[in-house]
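Visitor: Pasting a predicted model and its sequence here:
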Amino acid sequence: MIKWIFFDLGSTLIDETDCIEFRVSETLKQAGAPFREDFYKQMEYFASVNMLPYKDTVKKFGLEKVRWSKELEKLYPESREVLQELYGGYKLGIIANQSAGTEERLVSFGIREYFDVIISSAEEGVSKPDKRIFELAFQRAGCTAAEACMMGDRLDNDIVPAAELGMSTVWVRQGWFGMGNSDLARFKPDHTVNNISKVTDIFRSIMEIQ
C-alpha cells in the first residue's frame with residue numbers, strides 16, 4: 001500500500017525552461033560555439049539516448065559550462081493544484097538534487113506546507129542516484145520502499161534507483177530529461193505521464209484499489 005509520494009523538483013514541480021534557454025544562450029557566446037540549431041539538435045540526441053543533454057553537448061563542442069540561474073525557475077501552473085489534491089490522501093515528500101536553501105525556495109513558491117519530509121542533496125551530502133538519499137527519506141518518513149512512490153523527470157536519477165529499492169515509480173516526461181527512452185533504462189517506470197497534472201488520475205486509481 002502506497003502511503004508516501006516523493007517528488008523530484010526540477011522539471012517535475014518546477015519549470016526550468018527559462019533556466020535552460022538562458023544557459024544555452026550564454027554558452028553560445030563563447031568562441032568556437034556552434035549555431036544555436038546545431039547545439040539544440042545535439043542536446044536532443046543526447047536526451048533521446050539517456051545521456052546528459054546540456055553537459056554532454058557542452059563537452060562535445062569543447063565549451064565551458066555556464067552557471068545555473070536558479071532565479072529563473074518557476075512553478076509549473078499545475079503543480080500547486082496537484083499537491084492540493086494529493087495532500088491528505090498521501091504523505092508528501094521531496095527527494096531532490098538541489099543546492100542549499102531548498103526549503104526556503106519551497107516557501108517562496110508557496111508549496112512548503114504540503115511536504116512532511118524534505119531531502120535535499122546539498123543539505124544531506126549525498127545525491128541521486130545514490131540509494132542512500134532514498135533510504136534517508138524512508139528513515140525520516142518512517143516508511144518502507146514498498147510504501148513509497150517516486151515521481152520525477154529523470155530515468156537515471158529518479159526512476160531506476162527508486163525501482164531498484166522497490167518503490168513504485170512515475171516518470172513525468174517534462175523538460176529535457178523527459179525526452180529520454182525508457183527502453184534503454186534498466187528499469188521501466190510503473191507509470192508515465194507527459195504533464196504533472198496527469199498524476200492525480202494515477203493516484204485516484206491507486207486509492208480505489210487500496
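Guide: The structure has been received and is ready for your questions. Note that the coordinates shown come from a computational prediction; the quantities given were computed from them, not determined experimentally.
Visitor: Could you measure from the nearest residue to residue 68 once chain neighbours are set aside over to residue 43?
Guide: What sits nearest to residue 68 in space, not counting adjacent residues and going by Cβ to Cβ, 6 or more residues apart in numbering, is residue 19, at 6.2 Å. For glycine as for every other residue, the C-beta is placed from the backbone atoms N, C-alpha and C. Taken as Cβ to Cβ, to the nearest Å, the spacing of residue 19 relative to residue 43 amounts to 14 Å.
Visitor: what's the answer for residue 157, then?
Guide: Applying Cβ to Cβ, one obtains 18 Å for the distance of residue 157 from residue 43.
Visitor: again with residue 148
Guide: For residue 148 relative to residue 43 (Cβ to Cβ), the value is 32 Å.
Visitor: now swap in residue 35 and tell me
Guide: With distances defined as Cβ to Cβ, the gap from residue 35 to residue 43 amounts to 13 Å.
Visitor: the more surrounded of those two?
Guide: Set residue 35 next to residue 43 and count neighbours by other Cβ atoms under 10 Å: residue 43 wins out with 23 against 9.
Visitor: Would you list the phi and psi of residue 6?
Guide: phi -110, psi 130 (degrees, to the nearest 10).
Visitor: Is it bridged to anything, and to what?
Guide: As for beta bridges, residue 6 partners with residue 93, residue 150 under DSSP bridges.
Visitor: Report pLDDT for it.
Guide: With respect to pLDDT, residue 6 has a value of 98.
Visitor: which residues touch it?
Guide: Residue 6 is in contact with 92-95, 117, 119, 134, 137, 148-151, 167, counting by Cβ atoms under 8 Å, 6 or more residues apart in numbering.
Visitor: run the last query once more with 7 Å
Guide: 93, 94, 95, 137, 148, 149, 150, 151 (Cβ atoms under 7 Å, 6 or more residues apart in numbering).
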